[in-house]
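K.L.:
structure for this input, please:
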Amino acid sequence: MFKQRLLATLCLVPLVLLSLYVANIVFFKAIVIALLLICGYEWLQLIPLKTTVQKLIYLIALLLFTQFILYSQQALQPVLITISLNLWVVLAVLIIFYPKSQKLWGYTIVLGLLGWLLLLTFASSLIGIFQIIAGKKYLVYLLCLVWATDIGAYMVGKQWGKHKLIPQVSPGKTLEGLTGGIICSFFMAAIAYLYFPTHHLASWLMLAMAVSVYAVIGDLLISMLKRRVAIKDTGYLIPGHGGILDRLDSLIAASPLFYWGLSKLLN
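P.N.:
Numbering: from 1, shown residues only. Model prediction:
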């Protein structure tokens with residue numbers, strides 16, 4: 001399994017970076033919308049919706065809402081981002097108190113609306129970052145922050161992890177791993193600051209660590225929702241990695257915060 005995941009990663013990462021650098025805004029929007037629909041399709045089993053009609057209505061509504069947000073980006077996006085950032089804090093509390101917290105959110109309508117909000121905010125944030133001056137470079141930096149968090153958490157947790165983070169949601173994650181992931185993101189931000197030297201260093205580093213924490217919350221959220229419906233992966237599109245939603249869970253949480261923080265730093 002590890003070799004399969006490693007091979008898939010070595011193939012996918014260069015492909016993602018190459019696609020990002022050659023993309024114009026039209027092509028990038030097309031990629032983001034495709035990812036949105038795939039993630040939306042995989043989210044269906046987390047709700048869950050079972051009939052074909054329900055699934056089609058859900059995906060069409062997700063697409064229409066996203067197009068509406070993108071069309072009226074200047075007016076609605078700041079409100080949407082603010083709601084999303086605060087919602088992730090609430091979700092973190094619900095994750096900590098799982099499964100008792102399920103009494104508050106374990107309803108089809110709640111999970112359906114949650115999927116819409118998180119996914120369309122994710123798509124809108126990625127496109128917003130892309131449209132910033134040097135946006136492609138900032139997107140690569142965001143990916144590096146998320147990857148550094150994931151790699152740091154895995155390596156430190158595997159070597160020194162003893163204290164479980166939230167065992168009822170993700171038994172493999174530890175406090176030591178969380179600390180390792182945040183530290184790795186800190187060093188990644190410090191290195192990136194040499195390339196992006198126009199920002200206030202303390203704010204730059206604080207944003208990186210906050211993004212790292214949000215990335216972990218995103219990972220835990222999908223783990224919690226999968227545990228609720230007793231599935232291992234949201235899909236099987238990527239060999240050894242599961243579904244697209246499994247791979248993008250951290251980025252879904254981290255991208256709105258990064259976009260918001262970056263906008264503040266650049267203004």
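
K.L.:
who's in contact with Y193?
P.N.:
199, 201, 204-205 (CB atoms under 8 Å, 6 or more residues apart in numbering). Every C-beta, even on glycine, is put in place using the N, C-alpha and C of the backbone.

K.L.:
for the chain, what helix or strand is lowest in average pLDDT?
P.N.:
helix 2-22 (a mean of 62; mean pLDDT, DSSP states H and E).

K.L.:
circling back to that earlier point, between the contacts of Y193, which has the most around it?
P.N.:
W204 (19 neighbours; other CB atoms under 10 Å).

K.L.:
could I get the full set of helices for the protein?
P.N.:
All helices of the chain, identified by DSSP state H, fall at 2-22, 25-43, 52-71, 73-96, 102-105, 108-131, 135-160, 175-193, 201-229, 244-266.

K.L.:
distance from the fifth one to the middle of the chain?
P.N.:
Counting by CA atoms, centre = their mean, to the nearest Å, helix 102-105 is centred 22 Å from the centre of its parent chain.

K.L.:
and the longest one, by the same measure?
P.N.:
Once both centres are worked out by CA atoms, centre = their mean, helix 201-229 turns out to sit 8 Å from its chain's centre.

K.L.:
now swap in the third one and tell me
P.N.:
Computed by CA atoms, centre = their mean, the separation of helix 52-71 from the middle of its chain amounts to 20 Å.

K.L.:
who does that helix touch, helix- and strand-wise?
P.N.:
Counting by 3 or more CB pairs under 8 Å, 6 or more residues apart in numbering; DSSP states H and E, the packing neighbours recorded for helix 52-71 are helix 25-43, helix 73-96, helix 108-131.

K.L.:
where does pLDDT dip in the protein?
P.N.:
1-13, 15, 73-75, 237-241 (pLDDT under 70).

K.L.:
would you mind finding the longest strand in it?
P.N.:
strand 170-174 (DSSP state E).

K.L.:
hmm, P78 and T121 touching each other?
P.N.:
No - T121 lies out of contact with P78 (CB atoms under 8 Å); the separation is 11.3 Å.

K.L.:
who's more crowded, these two?
P.N.:
The neighbour count for T121 versus P78, taken as other CB under 10 Å, is higher for T121 (25 against 12).

K.L.:
which residue packs closest to the more buried one, ignoring adjacent ones?
P.N.:
S84 (4.3 Å; CB to CB, 6 or more residues apart in numbering).

K.L.:
count residues in the vicinity of the one you found, would you?
P.N.:
Other residues lying near S84 total 23 when counted by other CB under 10 Å.

K.L.:
check L114 too.
P.N.:
18.
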